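Asks: Got a predicted structure here, sequence first:
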Amino acid sequence: MNTMSGYLQRSGSSRSNSVVSKPFSSMDPDINHSSTPLRLFVDAKKKVNNIYNEMATHVDESTSFIKGVPEDLGVVSADVNTKIETFAAQVEGIREVLARDHMKVAFFGRTSNGKSTVVNAMLRDKVLPSGIGHTTDCFLSVEGSETDEAYLQIQDSSERMSIKSVGQLAHALHSERIANHQNTIVHIFWPKSRCHLLQNDVILLDSPGIDVEPNLDEWIDKHCMDADVFVLVSNAESTLMRTEKSFFHKVSERLSKPNIFILNNRWDASAGEEYSEAVKQQHMERDVKFLVEELKVITEQEAEDRVFFVSAKEALITRTPKAPSTPDSSGPLAEGYQARLFAFENFERQFEECISHTAVKTKFEQHAKKGMQIVSCVQGMLDEVHNTASTKRSSCIEKRKDQHDRLEYITQQLKVLSTECKDKIKETAELGETKVSAAMTDEIRKLSTLVDQFDKSFHSDPLVIKIYKEELQKHLESGLGRNLDQRCSGEVMKAVDVVQTEMTDNMSALLPDEVRSNIGGMQLRRRFDLSYRLDCQHLFSDFRENVDFQFSLGLTSLMNRFLGPKGTTAAMLGFANVIPRPMPPAGLPPAAATNQDELAVAVMTGLASLTSKTSVGLTLVIGIVWKAVGWRLLAVSGSLYGLVYVYERLTWTNRAKERAFKKQFVSYASEKLQLLVNFTSSNLSHQIQQELSGTYARLCMEIETTKDNLHKEIVALEDESQKLDSIMAKSKVLRNKAGWLDNELARFMEKYIKEE
């Protein structure tokens, strides 16, 4: 620190004729200061601001991303939404603080110790008023201005007051409206282009004398808590006073190991003194002891590099630019001024290194750590979102596969069950048809019994017969329907119920549980009754009864008996050739049967022909018979024939007429009902098919609904899977960017903050 050979070799000039040559200095504002230690803070500030700008963008993107995730996906919790908004506010707040962060040095000392002169010397210009006496009555903060004009602002005021000279500034500072209180702070904005300290975000804070202000605690709380370096400007002509020590004791109590430099100013007064070195050593020992033993802020070796013996006035004189025609009024510089100038520059170098490292640590370390915490938390949130989305996507894909497999299974099973159900429906319908056909045929055979059960009174009057027929038809229709229902319905309904149950059980297995529990209502939703409607009134509408007396041995009766009603009618009309011939009885040879039939037909046809043509034929026949058998036999036969006729005629009562009517009706109804056997059985088969097909159709509809729901669910799961894919991709990008920001902050800590 005391070695001057290097500096003297650079200087090589001395003061003569009251003109001082400006020594070369690395602190010259005209020189490029890219290598100055202050660049550490500037570079660190630029770097951390860039990182926080990226963080702000990243947090905004993350916030928009997380806010944009649909709530129904269940990927983002409410806690994540709240936290991400908090982080966005924190990042924005830190960015605002970083934009205002700067390096700050505070100058303290007793009145007239040269604090303002030291500030001016460091600024290389007469910025602050200085001179003999108490000149600084309030706090003055010299800050850099981006403009080329100097101006000042009073505390808590946005008004700018332009200043063009030191005298104007001194006048302004001493005006009543500004310097009304020593605790007031005035911000002086000086063009950055005039001083490299201001260019590198250094703020210099000048203070009133600490020996005139009793409330030092308020000073410290308001102006010193954010200071990176403190410079104690003492008077080299005296030792450290109790007031000075008390102030820095208070600073040390509030701040953990503050950075303190001690400038023993006005050391030019010792020039030429015989014991100057001894005095200097004495000051050094006391200052080191104060820093090491009393304040305990640094080690003894570090303390020796924090104490300097300078002359701020000489440094200011040599650094202040002068116009060539301006006379030098400062007087000659004292002997050994080069050494004092060197000591001042050495102080500046040590100061710049200290304040840059300290400011970087104090201003940016906590922000960097906080940024790492924020980035880590955001990365954790994004990782949580990514993992949750990944888990849900895997579950979604698995569920979609299960639903797709289930849809395929239901489709295949429905085909198999449809074939089975159709076969069972057909089989059941055929069973019912066969059952009804057999039962109805049997009931037709027993029709006479059912007709005989009809006991309404009978009379041959046409009107009575008409009513009697209507009642008999109703009785027959009701009885047949009742008998068929008793014989067929129970068994058929049981078969239908079995098939319905089997269909329901088999097909409901393809339905979801919640639908299956309600499927029982599909089986026989309405009461299913088999219908045997015969409509006898219309069926027998063309029935024509014959209740007139018919002698059983009369010619017409005999012809009806042998030829049937149709054959008799044809014979009576002379159409013997169209009389149908019955099948030969079983057991007779075909030839014999044919001969007998032909003989009977020939006899009866001839007899009818004779009778119908002329009575002469009858006489001829009687004569032939008379001659053949004799008159006695013929008389006996005629008597018997007459007796039979009389008997039948006498017994032809209403009862006999009723029996004849019923017999005719049974014969007619049997023939007509026989035609309805196939129709009725087919109708019942259709009813069975309709009922079972209805149940089958309802079951198929439920299965189709289930298939549609499965298809919709598969589509929804596909859409959800795509959304989750998008969320995973976006969260991965943001998570990777968070990792990059974390690495950037870690590199920042490693480069600018980590202690060697």
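Replies: Good, I have the coordinates. Numbers count the residues shown, from 1 in each chain.
Asks: Quick check: phi and psi on the nearest residue to E149 once chain neighbours are set aside?
Replies: Closest residue in space to E149, ignoring its immediate chain neighbours: S162 at 6.3 Å, by C-beta to C-beta, 6 or more residues apart in numbering. Just so you know, the C-beta spots here come from the backbone N, C-alpha and C atoms, and that holds for glycine as well. Note on S162: its backbone torsions stand at phi -70, psi 140 [degrees, to the nearest 10].
Asks: these two touch, right, S162 and D148?
Replies: No - applying C-beta atoms under 8 Å, one finds S162 not in contact with D148, separated by 11.7 Å.
Asks: And the strands in the protein, which stretches?
Replies: 103-108, 139-145, 151-154, 161-162, 185-191, 202-206, 229-235, 259-265, 307-309 (DSSP state E).
Asks: and those, which one is worst for confidence?
Replies: Lowest mean pLDDT within the strands of the chain: strand 161-162, at a mean of 80.
Asks: The strands of the chain: which one's closest to N683?
Replies: For N683, the closest of the strands of the chain is strand 103-108, at 108.6 Å, according to C-beta to C-beta.
Asks: and that closest one, what other elements does it pack with?
Replies: helix 115-123, strand 202-206, strand 229-235, helix 242-254, helix 337-359 (3 or more C-beta pairs under 8 Å, 6 or more residues apart in numbering; DSSP states H and E).
Asks: The same query, at a cut-off of 7 Å, please.
Replies: Secondary-structure packing of strand 103-108 (3 or more C-beta pairs under 7 Å, 6 or more residues apart in numbering; DSSP states H and E): helix 115-123, strand 202-206, strand 229-235, helix 337-359.
Asks: how about low-confidence regions in the stretch 501-650 of the chain?
Replies: 519-533, 535, 537, 552-622, 625, 630 (pLDDT under 70).
Asks: please redo it, this time with the cut-off set to 80
Replies: Counting by pLDDT under 80, the stretch 501-650 of the chain contains low-confidence residues at 514-635, 637-638, 641, 644-645, 647-650.
Asks: ok so, going back, include mean neighbour count when you put the helices and strands packed on strand 103-108 into TSV, please.
Replies: Formatted as TSV, the helices and strands packed on strand 103-108 follow (neighbours: other C-beta atoms under 10 Å):
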stretch	mean neighbour count
helix 115-123	26
strand 202-206	25
strand 229-235	24
helix 337-359	22
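Asks: Distance to R100 added to those, as TSV?
Replies: Shown next, in TSV, are the helices and strands packed on strand 103-108 (distance: least, C-beta to C-beta, whole Å):
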stretch	distance to R100
helix 115-123	21
strand 202-206	11
strand 229-235	18
helix 337-359	13
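Asks: Can you tell me which of these is nearest to Y52?
Replies: helix 337-359 (16.9 Å).
Asks: now the angle from that closest one to strand 229-235?
Replies: 150 degrees (axes from the mean of the first three to the mean of the last three C-alpha atoms, to 10 degrees).
Asks: Kindly export helix 337-359 (C-alpha atoms) in PDB.
Replies: Provided in PDB are the C-alpha atoms of helix 337-359 (Å, rounded to 0.1, in the frame of the first residue of the first chain):
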ATOM      1  CA  TYR A 337       1.200  14.300  -3.300                       C
ATOM      2  CA  GLN A 338       1.900  11.500  -5.700                       C
ATOM      3  CA  ALA A 339       1.900   9.000  -2.900                       C
ATOM      4  CA  ARG A 340      -1.400  10.300  -1.600                       C
ATOM      5  CA  LEU A 341      -2.900  10.200  -5.000                       C
ATOM      6  CA  PHE A 342      -1.700   6.600  -5.300                       C
ATOM      7  CA  ALA A 343      -3.200   5.800  -1.900                       C
ATOM      8  CA  PHE A 344      -6.500   7.400  -3.100                       C
ATOM      9  CA  GLU A 345      -6.500   5.300  -6.200                       C
ATOM     10  CA  ASN A 346      -5.700   2.200  -4.200                       C
ATOM     11  CA  PHE A 347      -8.600   3.000  -2.000                       C
ATOM     12  CA  GLU A 348     -10.800   3.200  -5.100                       C
ATOM     13  CA  ARG A 349      -9.600  -0.100  -6.400                       C
ATOM     14  CA  GLN A 350     -10.200  -1.800  -3.000                       C
ATOM     15  CA  PHE A 351     -13.500  -0.100  -2.700                       C
ATOM     16  CA  GLU A 352     -14.700  -1.200  -6.100                       C
ATOM     17  CA  GLU A 353     -13.700  -4.800  -5.600                       C
ATOM     18  CA  CYS A 354     -15.400  -4.800  -2.200                       C
ATOM     19  CA  ILE A 355     -18.600  -3.100  -3.100                       C
ATOM     20  CA  SER A 356     -19.000  -5.100  -6.300                       C
ATOM     21  CA  HIS A 357     -18.600  -8.400  -4.600                       C
ATOM     22  CA  THR A 358     -20.600  -7.300  -1.500                       C
ATOM     23  CA  ALA A 359     -23.400  -5.800  -3.600                       C
END
